[in-house]
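Asks: how would this look folded up:
(2 chains)
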Protein chains: 2
Amino acid sequence: MQQALDNIKVLDFSRVLAGPYCTMLLADMGAEVIKIERPETGDDTRGFGPFQKDESGYFMYLNRGKKSIALDLKQPESFEVINQLVKESDVVVENFRPGVMKKLGLDYESLKAINPEIVYASISGFGQNGPYSQRPAYDIVAQAMGGLTSITGYPDRPPTKAGASLGDMGAALYTAYGIMVALFHRERTGEGQYVDVAMVDTIFSLLESNVMRYTVDKIAPERMGNRHPISAPFDTYKVKDGYIVIAVANDPLFERLCSVMDKAELTKDPRFYTDVEREKNEAALKVIIETWLEHYTVDEAVDYLNDGGIPSSPILNIDEICESEHTKTREMLVEIEHPIAGKTMIPGNPVKLSKTPSVIKKPSPRLGEHNETYITYQKNR
Amino acid sequence: MQQALDNIKVLDFSRVLAGPYCTMLLADMGAEVIKIERPETGDDTRGFGPFQKDESGYFMYLNRGKKSIALDLKQPESFEVINQLVKESDVVVENFRPGVMKKLGLDYESLKAINPEIVYASISGFGQNGPYSQRPAYDIVAQAMGGLTSITGYPDRPPTKAGASLGDMGAALYTAYGIMVALFHRERTGEGQYVDVAMVDTIFSLLESNVMRYTVDKIAPERMGNRHPISAPFDTYKVKDGYIVIAVANDPLFERLCSVMDKAELTKDPRFYTDVEREKNEAALKVIIETWLEHYTVDEAVDYLNDGGIPSSPILNIDEICESEHTKTREMLVEIEHPIAGKTMIPGNPVKLSKTPSVIKKPSPRLGEHNETYITYQKNR
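Replies: Just a heads-up that it's a prediction; the model follows:
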């Protein structure tokens, strides 16, 4: 099958999460991704759980479809191999701390001298410049310093990070976007360039209008649980066996909700006349709604509300979303056959392209699986 | 200045957040984005606060550098204008509920008949197919049904959404990536295609290895506050005037921390010998660390720990990250001059490209500001 990134070769020095997820997105679209790993141990994530027959699920997911060369970058003979690979590559990706690639002689300036058309992307915690550039990058730090932690969670509880590593995943996404913009430019002009993305910057970017609340009104938004800043009832609500979402953002929908709850009198209560009033009195409204919901399970409540035209949803645990009909239909979990681990389910790609769809061509590579292919090939040239 | 997406024209039917952020990313890179808005009110977000001299900060941020045409898509004469614009465009973006564009005669099949090379991207809550495709999309629903809410927050508190609209922002990013992949393919082959991205799928994708914990071990990860699943001390900790992050993920770092705290005896405590033991006894360890931190402010503690080689960071409020030296140096807030609102600071672009950098060429448009240009132009052709 034809894919958009057929004939694109990516030389991947990245490790752990942000870099590997970025190059996974490229591999899914057809790029040949050659992962350079240190000998013996390889990418740290080969040692991260969960394990299936001693193979890391973490690694299998993020490195599907890639090739692996085990290479000690500090050995001079490695440089010959890298030199040849750089000549043949379109993209380089790395996520070391700024300065490390330069010490290895593998920074953008050095590789551009070998291949002037190269697109070279660096992902780091704080970017290639700036006051914190040399600090180590952890997702918890990116979420904390990027502002997301301060606005997540309940006001009477400490600031809370999001439960997934969004600093890494966000940086991966912006970088994949940046690489495609750079490749598009190169396709039109023959010019390569450098792409610099910082985890903290990407968290800050994901804050959306929260930033404007400060720059315009000088108000720093605070955490407010699951509440909506200007609408009510728009929150999570307790039911018999868990919690559900109800999302009512205008007056006609509120009237409909009252009728579904068989509490038409609420529409005449001045505390709840308008969205503005409801937001002010949302605590009182929540008590009324949760008292009504006491008698229903998640499934009953969500069905009942949706049948009545009220936007409502369950809060799915990870097992529930994995097993859902939605996930199946949307191919968001895909079975691969790994030579050691056997059959495994890994997340699909959420970008559905009609003509050049994403494909997981191969499972993740064994450490150094492609050494012979590439190194012998290089030597015979 | 030359930009990567010079000469790329985007016809933008999208509203509110996910679509507009996607096309903002394209506009920043040089694309001409023509926003089609309904007459009189325009994009809903023109009415969203915060307001600066009656201009919406929300709208100014997300629609910078775009053009605006006010057009009633239900009027037959609008179709002539759209028809001509589709012929001249490279990309179409929309985020209506699946089926709406078809009713308007503006779905992919219809527009492809006018311009076979068009790249057409749809963002929706649940995707163009699947059991929930017709349900309305709200960020709180995408986070809840995508699994993120279930693993965010503290175990003794209800599931918690992230404080920013990550369902929208994530979908915008994956779509921008998908559009660039499709444009790259078109550049090489002349073929257009359809891009379908769902908010729920993008939240599911951002869960990273949490999904593998279920598919491999059949364990659905649960929320654990700010704790690390396998390392300790790796969490947020209370200090005199707030909270800080400490990130210690190996034994040598733990020894260093004990020496910084002047509590060398802890390294000999069997509860804290190894990362595995520390993780098991993290509650006891937290008490010890927080007792020590009681005497320090955020700034004192973070400086002291970093000077001692321990990864530590503050948890910045949005005002603090906005005013930080980091944000300044990385140009993550940019001043624009809006004809009505005056000088405003809006978030910069986190993708730093060396040769074709992102540029905010113009402030957001007035509703219908470019009607005359385009409609007269069309009529004179």
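
Asks: strands of chain A, start to end?
Replies: With DSSP state E as the criterion, chain A has strands at A:9-12, A:32-37, A:51-52, A:55-56, A:67-70, A:91-94, A:119-124, A:193-198, A:234-239, A:242-247, A:312-314, A:333-338, A:342-347, A:352-353.

Asks: any residues touching stretch A:208-217, and which ones?
Replies: The contact list for stretch A:208-217 (C-beta atoms under 8 Å, 6 or more residues apart in numbering or on different chains) reads A:147, A:151, A:204, A:219-221, B:17, B:21, B:48-52, B:57-58, B:60-62, B:163-165, B:168-169, B:318-319, B:322, B:333, B:344-347. The C-beta positions use only the backbone N, C-alpha and C, and glycine is treated the same way.

Asks: quick one: that stretch to chain centroid distance?
Replies: Here stretch A:208-217 is found 24 Å from its chain centre; the criterion is C-alpha atoms, centre = their mean, to the nearest Å.

Asks: list the buried residues of it.
Replies: Residues of stretch A:208-217 classed as buried under the neighbour-count rule (16 or more other C-beta atoms under 10 Å in any protein chain shown) are A:208-216.

Asks: neighbours of residue A:256, how many?
Replies: 16 (other C-beta atoms under 10 Å in any protein chain shown).

Asks: ok, the closest residue to it other than its chain neighbours - how many residues close by?
Replies: Of all residues not flanking residue A:256 in the chain, residue A:309 sits nearest, at 5.5 Å (C-beta to C-beta, 6 or more residues apart in numbering or on different chains). If you count neighbours by other C-beta under 10 Å, residue A:309 ends up with 14.

Asks: what's the answer for residue A:338, then?
Replies: Neighbour tally, residue A:338, other C-beta under 10 Å: 19.

Asks: now swap in residue A:325 and tell me
Replies: 10.

Asks: my guess is it meets residue B:133, correct?
Replies: No - using C-beta atoms under 8 Å, residue A:325 makes no contact with residue B:133, being 11.4 Å away.

Asks: for the top helix by length along chain A, which residues meet the burial criterion?
Replies: As assigned by DSSP state H, the longest helix anywhere in chain A is helix A:166-189. Buried residues in helix A:166-189, counted by 16+ other C-beta under 10 Å: A:166-186.

Asks: ok, residue A:154 - contacts?
Replies: Counted by C-beta under 8 Å, 6+ apart, residue A:154 has contacts A:160, A:223-225, B:153, B:157, B:160.

Asks: which among those end up buried?
Replies: By 16+ other C-beta under 10 Å, the contacts of residue A:154 give A:160, A:223, A:225, B:153, B:160 as buried.

Asks: didn't the last one look like it was pressed against residue A:151?
Replies: If I follow you right, that is residue B:160. No - if you go by C-beta under 8 Å, residue B:160 and residue A:151 don't touch, sitting 11.3 Å apart.

Asks: next, count neighbours for residue A:91.
Replies: For residue A:91, the count of nearby residues is 26 (other C-beta under 10 Å).

Asks: before we move on, the earlier item: between the strands of chain A, which gets nearest to residue B:113?
Replies: Of all the strands of chain A, strand A:352-353 sits nearest to residue B:113, with 19.8 Å by C-beta to C-beta.

Asks: is chain B contacted by the closest one?
Replies: Yes - using C-beta under 8 Å from any C-beta of the partner chain, strand A:352-353 reaches chain B at A:352-353.

Asks: now residue A:42: closest residue in space, sequence neighbours ignored.
Replies: Nearest one to residue A:42, counting by C-beta to C-beta, 6+ apart, is residue A:367 at 4.1 Å.

Asks: residues contacting the one you found?
Replies: A:37, A:40, A:42, A:46, A:68, A:70.

Asks: out of the residues you listed, who's the most crowded?
Replies: residue A:68 (24 neighbours).

Asks: re earlier: ok, the residue nearest to residue A:42 to residue A:65 distance?
Replies: From residue A:367 over to residue A:65 the distance is 16 Å, taken as C-beta to C-beta, to the nearest Å.

Asks: ditto for residue A:99
Replies: 30 Å.

Asks: which of the two has more neighbours?
Replies: Comparing residue A:99 with residue A:65 by other C-beta under 10 Å, the one with more neighbours is residue A:65, at 23 against 13.

Asks: give the contact list for that one.
Replies: Here residue A:65 is in contact with A:24, A:27-28, A:33, A:359-362, A:364 (C-beta under 8 Å, 6+ apart).

Asks: not counting sequence-adjacent ones, nearest residue to it?
Replies: That would be residue A:27: by C-beta to C-beta, 6+ apart, it lies 4.0 Å from residue A:65.

Asks: in contact with that neighbour, which residues?
Replies: Per C-beta under 8 Å, 6+ apart, neighbours of residue A:27: A:10, A:33, A:64-66, A:361.

Asks: need the pLDDT of it.
Replies: At residue A:27, the model reports a pLDDT of 98.

Asks: same thing with residue A:301?
Replies: Reported pLDDT for residue A:301: 98.

Asks: got it, and residue A:230?
Replies: pLDDT at residue A:230 comes out at 86.

Asks: quick one: the residue nearest to it when sequence neighbours are not counted from residue B:367, how far?
Replies: The shortest distance from residue A:230 to any non-neighbouring residue, by C-beta to C-beta, 6+ apart, is to residue A:279 (5.9 Å). Distance, residue A:279 to residue B:367, using C-beta to C-beta: 27 Å.
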